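Undergrad: this one's sequence-less:
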């Protein structure tokens with residue numbers, strides 16, 4: 001049986017692994033296209049045929065550059081757009097970037113495939129009226145684990161944040177905001193309220209747990225599981241779903257305390273040099289064919305109803321990709337809480353890692 005590539009394996013298979021490399025269509029096209037879209041995206045976050053398919057359909061090429069986290073994206077654009085046409089920030093960074101006047105309002109008339117978006121994603125609390133952003137994927141943080149090494153189902157954040165049981169076999173996210181928020185959820189606090197006293201408790205708990213943690217990973221928890229370097233990790237559902245195809249001993253669960261919902265968004269940054277081509281590219285990504293190709297490759301849940309209709313039951317009925325509604329009901333989007341909160345999150349995790 002052929003194994004589909006994981007998000008990282010896709011680009012690795014093309015012989016490219018470094019963040020920041022630029023790709024031009026990936027199609028081996030016969031002639032250089034007359035117009036280009038400069039696409040700034042997460043590593044291995046497109047379908048096998050996404051870029052070449054758009055070029056074939058439109059005659060417009062795509063230069064794709066890679067970033068590793070939202071902070072890197074924000075920093076790159078904060079001083080002015082260096083030439084990007086489409087970017088893919090997470091939902092709270094859409095709020096953050098909009099407040100900083102870093103995003104261009106979308107022209108919905110140029111995005112007719114917006115009709116393909118599932119009703120629940122047609123509007124968004126972080127972007128009312130879809131003024132700045134179209135949904136690309138949605139995702140939820142949870143616990144990935146190796147069933148043969150873990151006793152039962154680790155259905156609480158306790159097993160990664162507040163227990164020595166799997167000492168030296170635990171990996172947690174290095175993302176400061178998400179790690180702080182998840183710890184707040186475990187402590188029963190409101191992750192969407194910036195409270196310094198709560199963050200002090202978060203810091204104390206994580207410092208106590210640090211000796212049990214093998215690594216603070218940069219969104220490669222699934223690789224640590226697959227290689228056997230760790231047995232239990234904090235990771236996104238799509239990442240764990242990728243490696244579950246390769247190793248049946250791996251599983252994913254959303255903890256009973258709840259978690260963070262996220263949705264990565266397609267946006268046009270202010271100052272984009274090719275806004276018409278950017279709209280055309282976003283519209284293409286929202287097509288049934290492109291959406292299905294993306295979902296087959298990266299294994300994240302799609303907000304695209306037309307794409308979902310093309311997917312097989314193994315994808316649609318996979319509880320790692322689409323966790324039970326009862327679990328999702330306890331999850332919520334993270335709000336942008338202001339620059340002071342982001343600095344506080346960073347300070348907490350800096351102190352934890354230095355302890």
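TA: Nice, I can see it. It should be emphasised that the depicted structure is a prediction, and the values quoted were computed from it without experimental measurement.

Undergrad: Could you double-check that residue 192 lies in contact with residue 334?
TA: Yes. If you go by C-beta atoms under 8 Å, residue 192 and residue 334 touch, sitting 6.7 Å apart. C-beta here means a position set from N, CA and C on the backbone, and glycine is covered the same way.

Undergrad: got any residues that touch both of these two?
TA: Shared contacts of residue 192 and residue 334, defined by C-beta atoms under 8 Å, 6 or more residues apart in numbering, are absent.

Undergrad: With neighbour numbers in mind, choose between the two.
TA: Taking neighbours as other C-beta atoms under 10 Å, residue 192 and residue 334 compare with residue 334 leading, 20 against 15.

Undergrad: Now for the nearest residue to the more buried one once chain neighbours are set aside: which residues touch it?
TA: In space, and not counting its chain neighbours, residue 334 is closest to residue 92: 4.8 Å by C-beta to C-beta, 6 or more residues apart in numbering. For residue 92, the contacting residues are 126, 177, 333-336, by C-beta under 8 Å, 6+ apart.

Undergrad: Try it again at 10 Å.
TA: By C-beta atoms under 10 Å, 6 or more residues apart in numbering, the contact list for residue 92 reads 70, 126, 177-178, 181, 192, 260, 262-263, 333-337, 342.

Undergrad: List just the nearest of those to residue 154.
TA: Closest approach to residue 154 among the contacts of residue 92 (C-beta to C-beta): residue 260, at 17.2 Å.

Undergrad: Tell me the spacing between the closest one and residue 145.
TA: Distance of residue 260 to residue 145, given as C-beta to C-beta, to the nearest Å: 18 Å.

Undergrad: Repeat that for residue 44.
TA: From residue 44 to residue 145 the distance is 23 Å (C-beta to C-beta).

Undergrad: More neighbours: which of these two?
TA: Between residue 44 and residue 145, counted using other C-beta under 10 Å, the more crowded position is residue 145 (26 against 21).

Undergrad: Assumed that one was part of a helix.
TA: No. Assessed with DSSP: H, G, I helix; E, B strand; the rest coil, residue 145 is strand; it does not lie in a helix.

Undergrad: Just to check, it is in contact with residue 240?
TA: Yes. Under the criterion of C-beta atoms under 10 Å, residue 145 makes contact with residue 240 at 8.7 Å.

Undergrad: so what strands line up beside the helix or strand harbouring residue 266?
TA: Here residue 266 is covered by strand 260-266, with elements defined by DSSP states H and E. Applying DSSP bridges to the sheet, strand 260-266 is found paired with strand 134-146 (antiparallel), strand 332-333 (parallel).

Undergrad: Show me what counts as buried in whichever helix or strand comes after that strand.
TA: The C-terminal neighbour of strand 260-266 among helices and strands, as given by DSSP H and E, is helix 275-285. By neighbour count on 16 or more other C-beta atoms under 10 Å, the buried set for helix 275-285 is 275, 277-285.

Undergrad: And for stretch 134-144?
TA: Under the neighbour-count criterion of 16+ other C-beta under 10 Å, stretch 134-144 has 134-144 buried.

Undergrad: what residues are shared contacts of residue 145 and residue 240?
TA: 225, 233, 250-253.

Undergrad: how about TSV for the strands paired with strand 260-266, with mean pLDDT and distance to residue 317 added?
TA: Output for the strands paired with strand 260-266, formatted as TSV (pLDDT from 0 to 100; distance: least, C-beta to C-beta, whole Å):
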stretch	mean pLDDT	distance to residue 317
strand 134-146	97	17
strand 332-333	94	25
